[in-house]
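Participant: got a sequence here, can you build the structure:
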Amino acid sequence: MVYVVGHKNPDTDSVCSALGYAALKKGLGFSNYVAARAGVVGTEACFLLRHFGLDAPLYLPDVKTKVQDVMKTDLLSVPMDAPIKQVYHSLQETKGKLAVIQRPDGSLGGIVTNSDLAMAFMGAVDSEQHYLRFKVRTLVDVLDGTLLCGNIDAVVSGQIFIAAMSPPVMRKFIKPGAIIITGDRTEAQKIAAEISACLIITGNARVNDEILTIARQRNMPVIVAPGDTYLTVRNVGLSRAVSDVMNQEPVVFAPEDLLSDVIKQTREARHRVYPVVNEKSRLVAGALFRDDIFSDSGRNLVLVDHNEKSQAVAGIEEAKILEIIDHHRLGDIQTSGPVLVRNEPVGSTATIIAKIARENEYDLPPEICGALLGAILSDTMVFRSPTCTDIDQKMANYLAQRCGEDPEKLGFEM
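Facilitator: Purely as a prediction, here's the structure:
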């Protein structure tokens with residue numbers, strides 16, 4: 001976004017020139033230009049706005065860089081119960097760096113980054129990690145399996161156990177309520193059917209009717225998966241809900257927070273990304289990446305009717321000035337790079353705006369022409385000021401023809 005803004009305590013020329021130049025840029029195909037003001041619209045300008053049916057420029061109390069100016073909004077959002085595998089593949093497809101985990105009401109539940117997923121895949125295995133909780137439907141989907149019996153909408157939880165040992169040894173290790181993974185091993189399948197919470201058969205192995213009868217009596221899910229034991233075990237781990245591995249208490253910021261304050265708070269932090277949420281609803285607005293925090297960023301401005309820092313909107317030192325259009329003496333504003341400066345010894349900045357429009361062979365809308373005419377009349381005291389030039393009168397007559405106003409009459413009403 002590029003803000004066309006006048007000086008503090010804006011007069012008629014400042015307000016109308018901002019409206020005029022923003023309208024001109026939009027007419028020339030630059031849709032991201034917005035008219036702005038740094039203060040309260042005066043009585044005279046209010047009259048012109050009412051007279052020509054125009055809205056006042058956007059109020060811009062300062063142009064200090066805010067979080068919303070640099071945050072990313074094209075984020076992957078997933079529900080709390082999304083399986084890890086789905087989130088991983090979605091991040092790979094979108095080349096994303098994080099996923100926002102949302103609660104059912106849309107508020108922030110946490111975030112998960114590629115690093116978090118890598119830690120979940122590669123972290124050391126301990127006894128607590130053996131005990132997992134799944135939705136049966138998710139297990140079937142991730143395993144690309146077939147549910148032979150049991151409720152697909154059920155939730156199962158228990159210790160993950162791979163039945164790759166003899167039945168007597170298996171009985172020593174297995175605990176009731178476990179989630180058992182085994183292949184074409186009838187005895188192991190039978191033990192699992194009697195005591196497990198869920199039985200997963202690998203390699204599309206056949207399950208005899210006796211085992212299925214036992215499982216049905218206990219309403220226990222039996223899933224047949226096409227993969228081998230290694231692949232199945234891996235996919236079972238990836239069937240966990242992403243909420244199991246997400247960061248539940250990330251450092252968050254609000255869109256309106258000043259970037260300068262964020263830099264102070266995060267200078268010593270190790271995090272690479274910070275969610276941006278609405279302070280009241282905790283709804284996710286975007287994410288702030290560490291690279292963006294320290295990038296050379298700022299709001300884009302076009303200054304009209306002034307070129308001195310003391311007259312500029314607060315925070316001008318953080319902004320990027322793209323253009324200056326003015327009719328006053330040159331002041332003390334410094335820029336980080338070359339800018340287009342249009343400074344002419346005429347009675348009004350609105351005169352210069354009208355000239356630029358004519359140079360580009362673009363006819364501004366009649367209401368904008370009316371506002372620019374009013375600005376010239378204001379600054380030149382209806383052509384009676386010693387600063388009034390022939391160019392001011394020429395542009396005023398052109399604008400008067402475009403909007404159908406009599407300059408002397410409009411000036412008197414103002």
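Participant: count of neighbours near Val78?
Facilitator: Neighbour count of Val78, defined by other Cβ atoms under 10 Å: 21. Quick note: C-beta positions are derived from backbone N, CA and C, even for glycine.
Participant: show the subsequent helix or strand relative to the helix or strand hosting it.
Facilitator: Assigned by DSSP states H and E, Val78 falls within strand 76-79. Sequence-wise, the next helix or strand downstream of strand 76-79 (DSSP H and E) is helix 84-94.
Participant: what helices and strands are in contact with the helix or strand following that following helix?
Facilitator: Later in the chain than helix 84-94, the nearest helix or strand by DSSP H and E is strand 98-102. Applying 3 or more Cβ pairs under 8 Å, 6 or more residues apart in numbering; DSSP states H and E, one finds that strand 98-102 contacts strand 76-79, helix 84-94, strand 108-113, strand 284-289.
Participant: switch these over to a markdown table; also include distance to Tyr3 and mean pLDDT.
Facilitator: Output for these, formatted as a markdown table (distance: least, Cβ to Cβ, whole Å; pLDDT from 0 to 100):
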| stretch | distance to Tyr3 | mean pLDDT |
| --- | --- | --- |
| strand 76-79 | 30 | 91 |
| helix 84-94 | 31 | 88 |
| strand 108-113 | 30 | 89 |
| strand 284-289 | 20 | 86 |
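Participant: using TSV, please lay out those together with distance to Glu359.
Facilitator: Formatted as TSV, these follow (distance: least, Cβ to Cβ, whole Å):
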stretch	distance to Glu359
strand 76-79	47
helix 84-94	45
strand 108-113	51
strand 284-289	40
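Participant: Ser310: which of the ones you listed is closest?
Facilitator: Set against Ser310 and scored by Cβ to Cβ, those come closest in strand 284-289, at 32.2 Å.
Participant: just to revisit the earlier point, out of the helices and strands packed on strand 98-102, nearest to Ala350?
Facilitator: The closest of these to Ala350 is strand 284-289. By Cβ to Cβ, the value is 37.5 Å.
Participant: what is that closest one packed up against?
Facilitator: Strand 284-289 is packed against helix 67-70, strand 98-102, strand 273-277, with contacts defined by 3+ Cβ pairs under 8 Å, 6+ apart.
Participant: let's see it at 10 Å
Facilitator: With contacts defined as 3 or more Cβ pairs under 10 Å, 6 or more residues apart in numbering; DSSP states H and E, strand 284-289 has these neighbours: helix 67-70, strand 98-102, strand 108-113, helix 259-266, strand 273-277.
Participant: phi, psi for Val222 please.
Facilitator: The phi/psi pair for Val222 (degrees, to the nearest 10) reads phi -120, psi 120.
Participant: what's near enough to touch it?
Facilitator: Contact analysis of Val222 by Cβ atoms under 10 Å, 6 or more residues apart in numbering lists 145-150, 189, 192-193, 196, 198-201, 207, 211-212, 214-216.
Participant: tell me the bridge partners for it.
Facilitator: Cys149, Leu199 (DSSP bridges).
Participant: need the pLDDT of it.
Facilitator: pLDDT recorded at Val222 is 96.
Participant: what residues are up against the residue nearest to Pro226 when sequence neighbours are not counted?
Facilitator: Counting by Cβ to Cβ, 6 or more residues apart in numbering, Pro226 lies nearest to Asn204, which is 5.1 Å off, once chain neighbours are set aside. By Cβ under 10 Å, 6+ apart, the contact list for Asn204 reads 145-146, 183-184, 224-227.
Participant: most neighbours among these, which one?
Facilitator: Neighbour max across the contacts of Asn204 (other Cβ under 10 Å) = Ala225, 24 neighbours.
Participant: okay, that one and His327: tell me how far apart.
Facilitator: According to Cβ to Cβ, to the nearest Å, Ala225 and His327 sit 77 Å apart.
Participant: where does pLDDT dip in the stretch 1-150 of the chain?
Facilitator: For the stretch 1-150 of the chain, the stretches flagged by pLDDT under 70 are 121-130.
Participant: as JSON lines, the helices and strands packed on strand 284-289 with distance to Lys26 and mean neighbour count would be great.
Facilitator: Output for the helices and strands packed on strand 284-289, formatted as JSON lines (distance: least, Cβ to Cβ, whole Å; neighbours: other Cβ atoms under 10 Å):
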{"stretch": "helix 67-70", "distance to Lys26": "21", "mean neighbour count": "19"}
{"stretch": "strand 98-102", "distance to Lys26": "34", "mean neighbour count": "24"}
{"stretch": "strand 108-113", "distance to Lys26": "36", "mean neighbour count": "22"}
{"stretch": "helix 259-266", "distance to Lys26": "28", "mean neighbour count": "15"}
{"stretch": "strand 273-277", "distance to Lys26": "29", "mean neighbour count": "23"}
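Participant: among those, which comes closest to Val341?
Facilitator: helix 67-70 (24.5 Å).
Participant: may I ask you to name the longest helix in the protein?
Facilitator: helix 12-27 (DSSP state H).
Participant: how about that one: buried residues?
Facilitator: Buried residues in helix 12-27, counted by 16 or more other Cβ atoms under 10 Å: 12-25, 27.
Participant: before we move on, the earlier item: closest one to Met246 among the helices and strands packed on strand 98-102?
Facilitator: strand 108-113 (3.7 Å).
Participant: so which elements touch the closest one?
Facilitator: In terms of contacts (3+ Cβ pairs under 10 Å, 6+ apart), strand 108-113 is packed against strand 76-79, helix 84-94, strand 98-102, helix 114-122, strand 273-277, strand 284-289.
Participant: make TSV from those and add distance to Ile174 to it.
Facilitator: Formatted as TSV, those follow (distance: least, Cβ to Cβ, whole Å):
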stretch	distance to Ile174
strand 76-79	33
helix 84-94	25
strand 98-102	33
helix 114-122	25
strand 273-277	42
strand 284-289	43
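Participant: tell me the one of the contacts of Asn204 nearest Asn114?
Facilitator: Closest approach between the contacts of Asn204 and Asn114, by Cβ to Cβ: Gly227, at 24.3 Å.
Participant: tell me if Gln393 really is in a helix.
Facilitator: Yes - secondary structure assignment places Gln393 in a helix (DSSP: H, G, I helix; E, B strand; the rest coil).
Participant: contact partners for the spatially most central residue of the chain?
Facilitator: The centroid of the chain falls nearest to Thr73 when counting by Cα atoms, centre = their mean (1.7 Å). Neighbouring residues of Thr73 by Cβ under 10 Å, 6+ apart: 255, 276, 284-287.
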